[in-house]
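*Asks:* I'd like to go over a predicted model; first the sequence, then the structure.
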Amino acid sequence: MYKPHKTGKFRSRVSFDITPELITHVNAICSRDKLSFSVVCTQAIEEYVRNHGLTGDYPLPDLAA
C-alpha cells in the first residue's frame, strides 16, 4: 500500500511483479494508441477503483499506522 509523504503526494515510481509478455502487450498498445505507460497504468487503476464502487468521496482508512 502507498503511504503519502508529509506533503500529501505519493511516491511516483512503482515496482511490481509483471510478466515480460504482459509488458510486451502493454508496450504494443501504448505504441498503437500513442499513450505513455503512465497513462495506461492510471487508466487501469481508475477502472479497478470504479469496478470496486469507490467513486466520489469515500471514507479511507487511516494509513498512519
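*Replies:* Sure, I can see it.
*Asks:* V26: neighbouring residues, count only.
*Replies:* Neighbours of V26 under the rule other C-beta atoms under 10 Å: 16. The C-beta positions use only the backbone N, C-alpha and C, and glycine is treated the same way.
*Asks:* Who's the closest spatial neighbour of it, skipping the chain neighbours?
*Replies:* V40 (6.1 Å; C-beta to C-beta, 6 or more residues apart in numbering).
*Asks:* Just the helices from this protein, written as ranges.
*Replies:* For the chain, applying DSSP state H gives helices covering 20-33, 37-51.
*Asks:* can you tell which of those helices is closest to F10?
*Replies:* Closest to F10 of the helices of the chain is helix 37-51 (C-beta to C-beta; 11.7 Å).
*Asks:* now for that closest one, which elements pack on it?
*Replies:* If contacts are counted by 3 or more C-beta pairs under 8 Å, 6 or more residues apart in numbering; DSSP states H and E, helix 37-51 sits against helix 20-33.
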